[in-house]
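Novice: got a predicted model here, sequence first, then my questions.
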Amino acid sequence: MTRADALALLKDYLDSGDARMDFDYGSEDTRYKVLDLLEQLIELGEAADALATSLIFKGGLLEMLAGGAGAQSAEAATIQSQREDDSEEDDSDKPTNPLQ
């Protein structure tokens, strides 16, 4: 199975309502597994966002596409700095996962 196939299956699991049904009608263990899966997906999305930002802004793609505009480069640096600040925030207020 390719990575794209795995992502398609996962998307189908979420879109079809199966994840909600597993949570609503599953055992306590199943509910924790669904929540753990969703937490991992959120973390994966954050990692993908960070990589995309890095590729676009730090890699110079935005400047190349915009013809090297310096104002956009400054804006990109500001956005990246904000994202880095957000990722350094204290995670102590996040709920703990009993499965970990």
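Specialist: Received the coordinates, thanks.
Novice: CA atoms only for stretch 11-22, dumped as PDB, please.
Specialist: Output in PDB follows, covering the C-alpha atoms of stretch 11-22 (Å, rounded to 0.1, in the frame of the first residue of the first chain):
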ATOM      1  CA  LYS A  11      -9.700  10.100   5.100                       C
ATOM      2  CA  ASP A  12     -12.500   7.700   4.200                       C
ATOM      3  CA  TYR A  13     -12.500   6.400   7.800                       C
ATOM      4  CA  LEU A  14     -13.000  10.000   9.000                       C
ATOM      5  CA  ASP A  15     -15.400  11.200   6.300                       C
ATOM      6  CA  SER A  16     -17.600   8.100   6.300                       C
ATOM      7  CA  GLY A  17     -18.600   8.500  10.000                       C
ATOM      8  CA  ASP A  18     -16.900   5.300  11.000                       C
ATOM      9  CA  ALA A  19     -14.600   7.100  13.400                       C
ATOM     10  CA  ARG A  20     -17.600   8.800  15.100                       C
ATOM     11  CA  MET A  21     -19.400   5.500  15.300                       C
ATOM     12  CA  ASP A  22     -16.400   3.700  16.800                       C
END
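Novice: could you pull out the buried residues of it?
Specialist: Buried residues in stretch 11-22, counted by 16 or more other Cβ atoms under 10 Å: 19, 22. Bear in mind the C-beta positions are built from the backbone N, C-alpha and C, glycine included.
Novice: contacts for it?
Specialist: With contacts defined as Cβ atoms under 8 Å, 6 or more residues apart in numbering, stretch 11-22 is touched by 30-31, 33-34, 37-38.
Novice: now do that stretch, average pLDDT.
Specialist: Mean per-residue pLDDT for stretch 11-22: 96.
Novice: go on, stretch 32-48?
Specialist: 97.
Novice: next, the buried residues of it.
Specialist: 32, 34, 37.
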